[in-house]
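*Asks:* Provide a 3D model corresponding to the input given below.
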Amino acid sequence: MSRNNLESVVGKENVNKIVSEIEVSIGEIRELKQVGGGLVHYVYKVTTNSQTAYLKIRANHYSGIPNISTQPELIGNEKRALELFSINSGEYFPEILLYNSVFHYLLLSDVMPGGITLDRMYRHGNVEPIDLYQLGYSVGSIHSDTRTSESVRYPSDEQYQSNLMKYALESYNHPTLMKAAQEHRRRNTQLLIGDLSPKNIYIRDGIVRLCDLENAHQGVLPYDQAFIIAHILLHHKSLNTAIAAMWAFIDGYESSESAVDQGDALVSQTLHGILLYRLDNPVIPYELPFKSKQRKQMAKNVFLSLGDNVHDLEVVAANLFDI
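*Replies:* This next block holds a predicted model:
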């Protein structure tokens, strides 16, 4: 069992304490291996004779961008989100096996056997409309079953949402996005998943699981809806497949007790912002199946679409792929 990297994160003097706590909880560790892909937390796959779990540790800096500082105690926000979602939607999320507020870690059950994420499925070109329909149904069910207004984040959900709007919408200084950000702050909120990126989604044989509630917060539904729709569009290489995938998700979502209000301008406005956030973000780059020149043109198209005040989701997609 390799401990070198863990020592560099928590200090050599604390490794034995953490390992001991984990072994009391789930048994003797056969393998402790760091896994990649995380931006904020250090993540380790923990294997015992009986199960696999994941150890998430929050340091005083981002794991993926070390020059960005953060507060280790904020891992408590994810614990709180998992507890709230577990009340009515626990089947979709990891179980908390262990939490330590001193060493700032969560030990979570494995909800993604084999690491078969939606991101990995996209890379291998084997995402089918039925997968996205099932994802839509699951996300819609979570939204309808978890309409709590209970606070998630420290120091406040309002502060987190305001900061989120600054970098997701307001940083582009477009008047439509600035207005949309204010509308997000004005509306009543409910518990949101926050980061429905493909790397956080597991779909296989009709089973959908979600992980990483680092960005869960009290917010407005169009944010979660636009976030996942933007990622679905951006992970397809052609307009036709992108639109078909988008509608598969929306159809599944609306087969639950939730709905995407396509008459609500906030949905399309937020969609424009998230598209820009993923296409043109020098601080937090995001890998997509497009070359640099294509990405720049797509970002330009999104700005033009904003200027035309486009609200129809198919038109937004058509404008995006006009390359």
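*Asks:* just checking, what packs against the helix or strand encompassing Leu32?
*Replies:* Element membership of Leu32 [criterion: DSSP states H and E] is strand 29-35. On a contact count with 3 or more C-beta pairs under 8 Å, 6 or more residues apart in numbering; DSSP states H and E, strand 29-35 meets helix 4-10, helix 12-26, strand 42-48. All C-beta spots, glycine's among them, are computed from the backbone N, C-alpha and C.
*Asks:* Report the rounded mean pLDDT for stretch 244-263.
*Replies:* For stretch 244-263, mean pLDDT rounds to 97.
*Asks:* quick one: low-confidence parts of this structure?
*Replies:* 1-4, 37 (pLDDT under 70).
*Asks:* quick one, strands of it?
*Replies:* Taking DSSP state E as the criterion, the chain carries its strands at 29-35, 42-48, 52-57, 96-100, 105-109, 190-192, 201-204, 207-210, 217-219.
*Asks:* and of those, who's closest to Trp247?
*Replies:* The minimum distance between Trp247 and the strands of the chain falls on strand 201-204, with 17.0 Å, by C-beta to C-beta.
*Asks:* Span of stretch 166-179 from start to end?
*Replies:* 12 Å (C-alpha to C-alpha, to the nearest Å).
*Asks:* And stretch 48-58, by the same measure?
*Replies:* The first and last residues of stretch 48-58 sit 23 Å apart, counting by C-alpha to C-alpha.
*Asks:* Give me the residues contacting that stretch.
*Replies:* For stretch 48-58, the surrounding residues in contact (C-beta atoms under 8 Å, 6 or more residues apart in numbering) are 6, 9-10, 18, 22-23, 26-30, 32, 35, 38, 40-46, 70-75, 78, 94, 97, 103-110.
*Asks:* Next up, the contacts around the residue positioned nearest the centre of the chain.
*Replies:* With distances taken as C-alpha atoms, centre = their mean, Asp195 lies nearest the centre of the chain, 1.9 Å away. Going by C-beta under 8 Å, 6+ apart, Asp195 touches Asp212, Leu213, Glu214, Asn215, Ala216, Phe227.
*Asks:* Need phi/psi at it.
*Replies:* As for Asp195, its main-chain torsions (degrees, to the nearest 10) stand at phi -140, psi 80.
*Asks:* so where do the helices sit in the stretch 101-250 of the chain?
*Replies:* Counting by DSSP state H, counting those that start in this stretch, the stretch 101-250 of the chain has these helices, from start to end: 118-123, 129-145, 157-168, 175-186, 221-234, 239-254.
*Asks:* I'd like to know which of the strands of the chain is closest to Pro66.
*Replies:* That would be, of these and by C-beta to C-beta, strand 42-48, which comes in at 11.0 Å.
*Asks:* Can you list the buried residues in the closest one?
*Replies:* Tyr42, Val43, Tyr44, Val46, Thr47, Thr48 (16 or more other C-beta atoms under 10 Å).
*Asks:* Settle this for me: the fifth one is touching Arg30, isn't it.
*Replies:* Yes: contact status for Thr47 versus Arg30: in contact at 5.1 Å, counting by C-beta atoms under 8 Å.
*Asks:* how close does Pro129 sit to Asn188?
*Replies:* As judged by C-beta to C-beta, to the nearest Å, Pro129 and Asn188 stand 33 Å apart.
*Asks:* Between the two, which is the more surrounded one?
*Replies:* A side-by-side neighbour count of Pro129 and Asn188, using other C-beta atoms under 10 Å, places Pro129 first with 15 against 8.
*Asks:* now the more buried one: how far from Ala242?
*Replies:* Distance from Pro129 to Ala242, by C-beta to C-beta: 12 Å.
*Asks:* Check Leu320 too.
*Replies:* In this view, Leu320 and Ala242 are 8 Å apart by C-beta to C-beta.
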